[in-house]
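Chemist: sequence unknown, structure follows:
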């Protein structure tokens with residue numbers, strides 16, 4: 001039970017994985033994509049860009065780090 005048998009098994013498994021092509025269920029894929037698309041379109045763009053975030057306090061805090069010292 002040496003390395004030769006182990007390597008042969010690994011080679012066989014790699015070949016099986018490389019050429020394995022499962023049946024694609026296109027109807028399930030279509031359902032999944034349509035659900036994702038509808039949930040994405042139902043959200044407004046304002047939920048991604050929240051105007052409540054106020055970064056002005058950080059501007060003053062870190063202004064010295066980015067000042068021009070030329």
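Modeler: Everything's here; your move. Values in this document were obtained by computation on a predicted structure and should not be read as measured data.

Chemist: how about stretch 18-27: buried residues?
Modeler: Buried residues in stretch 18-27, counting neighbours by 16 or more other CB atoms under 10 Å, are absent. (C-beta placed from N, C-alpha, C; glycine too.)

Chemist: What is the helix or strand of the chain with the lowest mean pLDDT packed up against?
Modeler: In the chain, no helix or strand scores lower on mean pLDDT, DSSP states H and E than helix 56-61, which sits at a mean of 79. Here helix 56-61 touches no other helix or strand, going by 3 or more CB pairs under 8 Å, 6 or more residues apart in numbering; DSSP states H and E.

Chemist: distance between it and the chain's centre?
Modeler: Chain-centre distance of helix 56-61: 32 Å, with CA atoms, centre = their mean, to the nearest Å.

Chemist: Stretch 3-13 too?
Modeler: With CA atoms, centre = their mean, you get 34 Å for stretch 3-13.

Chemist: what about this protein, any weak spots by pLDDT?
Modeler: Low-confidence segments of the chain (pLDDT under 70): 1, 39-53, 66-70.
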